[in-house]
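> Okay, here's the prediction I keep looking at, along with the sequence it came from:
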Amino acid sequence: MKDLAALDEFRQRDRRILEMYGSFGDGGNGVFRLLCQRTGTYLHCLASNGDGWDHVSVSVAHRIPNWLEMDFAKRMFFADDETAMQLHVPSSDHVNHHPFCLHLWRPNDGREIPRPPAEFVGPVVVA
């Protein structure tokens, strides 16, 4: 994950954040409000980097974030050469604290995310 100090202008610093988390965050953690210019939508993002994982939750007030917004969040929080993923875990492991929230994950302990061959994830041609 990028050094989140670079996003300080978007960092949320209100009393509610301080009461909930005990601080406003640091270079790897924090709460941010970002405007996705491509959709004109504000994204509420919570970033953390503990227990071997970089994690960013992305939510929008009244709907699930779309692909353009998740791509924007990925580019804001992760370097261009880093792979981040969304996970679809088994139903028995599913936890939902917010109905309009999606997550980006990346191991930060040296593990690499396995990826399919590039031609499998290239552009989709719609006939």
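That came in fine, so what should we check first?

> For residue 4, give me its contacts.
Residue 4 is in contact with 11, 25-30, 32, 47, 77, counting by Cβ atoms under 8 Å, 6 or more residues apart in numbering. No exception for glycine: its C-beta is placed from N, CA and C like everyone else's.

> Local confidence estimate at it?
Here the pLDDT value assigned to residue 4 is 96.

> Against residue 67, how distant is it?
Per Cβ to Cβ, to the nearest Å, residue 4 is found 23 Å from residue 67.

> what about the protein, any weak spots by pLDDT?
Within the chain, the stretches with pLDDT under 70 are 124-125, 127.

> Wait, a strand at residue 32?
Yes. With DSSP: H, G, I helix; E, B strand; the rest coil as the criterion, residue 32 is located in a strand.

> Now for it, how many residues are close by?
22 (other Cβ atoms under 10 Å).

> can I assume it is in contact with residue 8?
No. Counting by Cβ atoms under 8 Å, residue 8 is not a contact partner of residue 32; they are 9.1 Å apart.
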